[in-house]
Structures are given as C-alpha cells and as structure tokens.
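Enquirer: need coordinates for the below:
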Amino acid sequence: MRSDLPGAELVAEGLLDLEAGRRTIAALVVSIGAPRLRVLGFDVPSPVDDAEHALFLLLASSDADAAHSRYNALLRRLVSFERAAACAA
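Expert: Predicted coordinates:
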C-alpha cells in the first residue's frame, strides 16, 4: 500500500486490526469501505457487519457531542483514500 495516499495510515491500521480480530475505529472504517477497497485490490479480512452503526456507537461512547462530526471526518478520509488509490492504480 502506498503510504503517501491520504488516509493510508487509517486504512493500513484498519486492515491490521481486522486481521487481528480487533473492533477498533480504524477496523470499522475499513469495514464500511470493504466493497470498494476489494474492488481496488485490497484484501479486507472479515469486515464487521453493520459497521456504520457500530462506528457511530463507538465514537459516541467516548464523546457523544462530537460523534457525528468525527464519523463524517473518518468517512471523508476513507473516501479520499479510495479515490486516490483508484487514480494511482
């Protein structure tokens, strides 16, 4: 994976977390992007079902007031990575 792509660190962390069976913010973000990431050639091991809801709940558990904006920011990073990876291919 090219580390110079925007959001690459988030996706790399999420892939490692999914592989290890960890349910982290990064793992949930990668689970949300799994269909597109697979089209782009990434092996996404065992994505979490209902990752969108699980991610929001996880974010809200630490800071309910900021959960919505953090959720949107994470999804923007994922989309930025997906778009950059598609252009780099």
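
Enquirer: for stretch 26-46, buried residues please.
Expert: By neighbour count on 16 or more other C-beta atoms under 10 Å, the buried set for stretch 26-46 is 26-34, 36-37, 40, 42, 44. All C-beta spots, glycine's among them, are computed from the backbone N, C-alpha and C.

Enquirer: determine which two of those residues are furthest apart.
Expert: Between any two of the buried residues of stretch 26-46, the greatest separation by C-beta to C-beta is 18.5 Å, found for Leu28 and Leu40.

Enquirer: residue contacts, the most centrally placed residue in the chain?
Expert: Nearest to the mean C-alpha position of the chain, by C-alpha atoms, centre = their mean, lies Val29 at 2.4 Å. Applying C-beta atoms under 8 Å, 6 or more residues apart in numbering to Val29 gives the contacts 10-11, 14, 51, 55, 74-75, 77-78.

Enquirer: any idea which of those has the most stuff around it?
Expert: Gly14 (27 neighbours; other C-beta atoms under 10 Å).

Enquirer: and it, what element?
Expert: helix 8-19 (DSSP states H and E).

Enquirer: alright, I will stop here.
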